[in-house]
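Q: Next input, structure requested:
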Amino acid sequence: MYCRLFRLCGRLGCHQRPDRSFFLRGRQFPLCARCTGMFAGYAAGFLTLCFCLPPWPLGAVCLLPMLFDLFAQNALGRESTNIRRAVTGFAAGWGVLALCAQAAALLTVCLTGQ
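A: As a prediction, the model looks like this:
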């Protein structure tokens, strides 16, 4: 079962590098730290949508920490930590879902004229 989940997560686009993954009881998570954070952010975003529709600027701002972290790693050569990857991934996952929800709401208004 674990091996199937690991392969599925790899097919979803996660690199699954051991040095960028969390471990629990000696077993590597099937997703890297950033993807783990993003999926947790998606789940939190769905919970948020049960209560309100977040404003799109908030969704956009939530993408910035991950973009800054990626820039710092690639352009400045600064290595990130797994905790930072998970936190920035969480914010980005929530932000992506907020932006998608706003886009769907706008599309609904445009198509229905309401």
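Q: Name the single longest strand found in this structure.
A: Secondary structure of the chain per DSSP state E: the longest strand is strand 27-32.
Q: Quick check: mean pLDDT of that strand?
A: Regarding strand 27-32, the rounded mean pLDDT is 86.
Q: next one: stretch 96-114
A: Computed over stretch 96-114, the average pLDDT equals 91.
Q: How about it, which residues are buried there?
A: Residues of stretch 96-114 classed as buried by neighbour count (16 or more other CB atoms under 10 Å): Val96, Leu97, Ala98, Leu99, Ala101, Gln102. In short, each C-beta sits where N, CA and C put it, glycine included.
Q: Contacts for stretch 17-26, please.
A: Contacts to stretch 17-26, defined as CB atoms under 8 Å, 6 or more residues apart in numbering, come from residues Gln28, Phe29, Leu31, Cys32, Ala33, Arg34, Thr36, Asn82, Arg85, Ala86.
Q: now do 10 Å
A: Residues outside stretch 17-26 that contact it (CB atoms under 10 Å, 6 or more residues apart in numbering): 14-15, 28-37, 79-83, 85-86.
Q: Between strand 27-32 and the next helix or strand after the longest strand of the chain, find me the angle.
A: Downstream of strand 27-32, the next assigned helix or strand under DSSP states H and E is helix 33-49. For helix 33-49 against strand 27-32, the angle by axes from the mean of the first three to the mean of the last three CA atoms, to 10 degrees is 70 degrees.
Q: Many thanks, I have nothing further to ask.
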